[in-house]
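> Sequence and predicted structure below; questions after.
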Amino acid sequence: MRHIQDKWALKAQKEGYRTRAVYKLQQILETRNFATQKIHSVFDIGAAPGGWSHYLKLKFPNLEIFAIDILPIEKIEGIHFFQEDVRNIEKIKEIALKIGTFDLVISDLAPNITGIRDVDEENIYELNLITLQAAVKLLKRNNYSKFIIKTFQNSNLKKLRHDVSLCFRNIATHKPAASKSNSGEIYLSGEDLI
């Protein structure tokens with residue numbers, strides 16, 4: 001079983017990607033049939049170590065990509081990266097000027113896990129809400145706006161899915177093949193910002 005789980009890491013290494021997580025994004029984009037020709041600008045929340053931004057820049061060189069994380073990332077040519085908390089996006093001049101102009105907001109962000117279930121579930125939910133609120137600010141208000149967020153299967157998932165449905169018209173839940181089978185991570189995507 002471990003061999004099967006490791007195949008994504010080996011594939012990423014072979015194909016020159018930073019992490020195995022790129023295949024999660026790739027599979028969600030393909031599943032949703034997101035029209036990449038209509039996506040010109042992307043905002044990556046919780047970007048470290050930079051895998052998703054790196055993948056998108058290699059696959060779609062003309063994309064304008066902004067990324068943010070409290071952790072540093074190794075430089076990616078053509079990516080506008082800010083080492084900052086996502087709650088401060090409006091205080092960053094370069095980002096503030098781009099509020100309401102992005103076609104796609106992505107987030108593979110997760111909090112540090114304490115091992116205390118109730119604490120971890122609340123931290124995950126709080127971080128998801130902060131990310132959702134940022135996405136609503138960042139995205140264009142049109143039929144092409146798209147959102148992808150990582151969360152976890154827990155007692156707050158239904159509540160989060162409802163929160164996302166209040167902001168987007170077309171919601172889907174994803175468990176990409178590239179996710180480890182024993183992981184509780186799950187992804188939500190939304191289209192068409194309300």
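Cool, got the structure.

> any chance you could map the helices in this structure?
Assigned by DSSP state H, the helices in the chain fall at 2-15, 22-32, 51-59, 93-96, 117-138, 157-165.

> V136 touches L193, doesn't it?
Yes: counting by C-beta atoms under 8 Å, L193 is a contact partner of V136 at 6.8 Å. Heads up, the C-betas are built off the backbone N, CA and C, glycines and all.

> Give the intersection of the neighbour lists for these two.
Common neighbours of V136 and L193 are listed as C167 (criterion: C-beta atoms under 8 Å, 6 or more residues apart in numbering).

> Just want to know which of those two has more residues nearby.
A count of neighbours by other C-beta atoms under 10 Å puts L193 above the other of V136 and L193, at 21 against 18.

> measure the more buried one to I148 for me?
Between L193 and I148 the computed distance is 13 Å (C-beta to C-beta, to the nearest Å).

> and what of D85?
According to C-beta to C-beta, D85 stands 20 Å off from I148.

> The two - which one has more neighbours?
I148 (23 against 12).

> What pLDDT is listed against P111?
You'll see P111 listed with a pLDDT of 87.

> ok, and the closest non-adjacent residue to it?
Computed as C-beta to C-beta, 6 or more residues apart in numbering, the closest residue to P111 that is not its neighbour in sequence is N123, at 4.3 Å.

> same question, R169
Computed as C-beta to C-beta, 6+ apart, the closest residue to R169 that is not its neighbour in sequence is D192, at 4.1 Å.

> That neighbour touches S165, doesn't it?
No: assessed by C-beta under 8 Å, D192 is found out of contact with S165, at 11.4 Å.

> mind listing what the residue nearest to P111 touches?
With C-beta under 8 Å, 6+ apart, N123 has these contacts: 111-112, 114.

> so how many other residues sit close to the closest residue in space to N154 that isn't next to it in sequence?
In space, and not counting its chain neighbours, N154 is closest to E121: 4.6 Å by C-beta to C-beta, 6+ apart. By the criterion of other C-beta under 10 Å, E121 has 15 neighbours.

> With that, I have no additional questions.
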